[in-house]
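>>> got a predicted structure here, sequence first:
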Amino acid sequence: MLVGKPGSIRIVTWNINRGLELRKIIDFLEGAKADFVLLQESDVNARRTHRLNIAREISQKLEMNYVFGREFQELTQGSRTSPAYHGQATLSRWRLSAARILRFQRQSNFWRPHWFLPLVAPLQERLGGRLALVVEANVAGKVLITYNLHLESRGDDSLRCAQLGETLDDARRYDATVPVVLAGDFNLDVSEGQGAEALRQSEFQDAFVSQHVSTTPDSFLERGRLIDWILARGPAQFSEPKVYRSVKASDHYPLAVTLNL
């Protein structure tokens, strides 16, 4: 059964911190009644998340279709015969098609394995790189494109802006009459500076422009940060944006918005 009014869809984006609190994550998403869910940091076959395919577990509970984009092979979480992966997942109540990975040209070298380091969990040695998972859906006869982003957490804002720029360049392939959504963990405040200017030039609108709040909790070392976003371009309007700051199932809060096509 589809949720929401005709021409209106509810979108949730959330960095779920590997799916460590899977039961709490599912409980929230079941109550959110979303039509599209864009997840970052979703594990597959990792020791820390009990060898589960986290996106598949969630999709089965929510009775949604899903596509997974592999960001990294987690070298400290699997084995040679049973590798573990980590990445983005896009779930939808509509059929998904034309899924592809936009793996950024600009990457950090931070995660690369080194011969002199042991393969132990705290070091998080990995193979792969940051990406945007791009998916097309036909929503009641209307095409919708979603970019599920996870920009680099290491390095500086110039690297993240370069990755955002690659995404915006890629999105130019779609006609202005097609709604395009960018959502995810940008590890970057795009309400100001170079990121904000790039979005303005590309005509992407911020769903939370009137109510910016931190999207990560305060920690012992730092205050919460404004780094998760939902943006759109084309014939679509936002309403009912919300950051669910009472949800304690990850090191990020879930964000939701209604998109009126």
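Thanks, I have the structure now.
>>> could you pull out the helices in this protein for me?
Listed in chain order, the helices of the chain (DSSP state H) span 22-32, 54-62, 157-171, 193-201.
>>> shaky segments in the protein?
Low-confidence segments of the chain (pLDDT under 70): 1-6, 114-123.
>>> closest to the centroid, which residue in it?
G184 (3.4 Å; Cα atoms, centre = their mean).
>>> that older thread, can you redo the helices of the chain as a markdown table with distance to R70 and mean neighbour count?
In short, each C-beta sits where N, CA and C put it, glycine included. Shown next, in a markdown table, are those (distance: least, Cβ to Cβ, whole Å; neighbours: other Cβ atoms under 10 Å):
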| stretch | distance to R70 | mean neighbour count |
| --- | --- | --- |
| helix 22-32 | 19 | 16 |
| helix 54-62 | 11 | 19 |
| helix 157-171 | 17 | 19 |
| helix 193-201 | 26 | 15 |
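>>> of the ones you listed, which is nearest P254?
Nearest to P254 among the helices of the chain is helix 22-32; the distance by Cβ to Cβ comes to 6.3 Å.
>>> can you put the helices of the chain in JSON lines and add distance to T13?
Supplementary listing: the helices of the chain in JSON lines, determined by distance: least, Cβ to Cβ, whole Å:
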{"stretch": "helix 22-32", "distance to T13": "11"}
{"stretch": "helix 54-62", "distance to T13": "14"}
{"stretch": "helix 157-171", "distance to T13": "14"}
{"stretch": "helix 193-201", "distance to T13": "16"}
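>>> among the ones you listed, which comes closest to R223?
Ranking the helices of the chain by distance to R223, with Cβ to Cβ as the measure, places helix 157-171 first at 17.4 Å.
>>> what's that closest one packed up against?
Taking 3 or more Cβ pairs under 8 Å, 6 or more residues apart in numbering; DSSP states H and E as contact, the helices and strands that helix 157-171 lies on are strand 96-103, strand 131-139, strand 142-150, strand 180-185, helix 193-201.
>>> returning to what we had before: right, so of the helices of the chain, which gets closest to P241?
Ranking the helices of the chain by their distance to P241 (criterion: Cβ to Cβ) puts helix 22-32 first, at 13.2 Å.
>>> so which elements touch the closest one?
Contact analysis of helix 22-32 by 3+ Cβ pairs under 8 Å, 6+ apart lists strand 8-18, helix 54-62 as its packing neighbours.
>>> just want the angle from the first one to strand 180-185.
Spelled out, it's strand 8-18. With axes from the mean of the first three to the mean of the last three Cα atoms, to 10 degrees as the criterion, the two stretches strand 8-18 and strand 180-185 enclose an angle of 30 degrees.
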